[in-house]
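Engineer: Prediction below, plus the sequence it came from.
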Amino acid sequence: MIHERKTRICHVPVYACQACKKYELLPLIKSELLRYLSSPGQEPRRTRVSFADINESAYVLREAFRTYEGDSVAELQARCMKVFDERVNMLLDLFSYAQNLGDDDWMRQIEGRLEQLSSIKSLIPENSGNYSR
């Protein structure tokens with residue numbers, strides 16, 4: 001994805017129609033992407049950014065596709081669910097650690113990351129055949 005002919009944003013999850021070759025942003029990702037694009041501190045020079053470094057759901061989807069080697073939709077669904085579950089477990093461990101430290105800011109950050117994951121995880125089983133690599 002290219003924004004204002006300056007910033008190339010990679011690893012943005014989209015629905016991909018194989019018949020008409022059109023791409024559409026996932027609705028749950030769209031608001032996060034717009035928030036990022038409107039955030040202060042965007043440099044005017046040309047840059048390349050991975051959305052997976054900014055958004056937890058994009059990160060997990062990238063990892064699922066990066067490590068997937070099968071051919072069936074069922075295998076892809078299973079891989080996506082496994083990667084999501086592993087990431088959620090890791091974030092819950094981090095949350096517990098932040099809680100033990102009494103770090104409220106870190107806890108809020110982790111909660112936000114968990115919310116991103118929980119909102120998109122429900123889409124994977126029914127639509128996993130529609131994602132573009």
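Structural biologist: All right, it came through fine. Numbers count the residues shown, from 1 in each chain.
Engineer: pLDDT below threshold where in this protein?
Structural biologist: 1-6, 40-46, 120-133 (pLDDT under 70).
Engineer: And the helices in it, which stretches?
Structural biologist: Counting by DSSP state H, residue ranges of the helices within the chain are 27-38, 56-66, 73-101, 104-121, 124-127.
Engineer: okay, those in JSON lines with distance to V49 next?
Structural biologist: (C-beta placed from N, C-alpha, C; glycine too.) JSON lines is the format used below for the helices of the chain (distance: least, C-beta to C-beta, whole Å):
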{"stretch": "helix 27-38", "distance to V49": "8"}
{"stretch": "helix 56-66", "distance to V49": "11"}
{"stretch": "helix 73-101", "distance to V49": "21"}
{"stretch": "helix 104-121", "distance to V49": "17"}
{"stretch": "helix 124-127", "distance to V49": "24"}
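Engineer: Point to the residue nearest the middle of the protein.
Structural biologist: Centroid-nearest residue in the chain: A58, 1.5 Å away (criterion: C-alpha atoms, centre = their mean).
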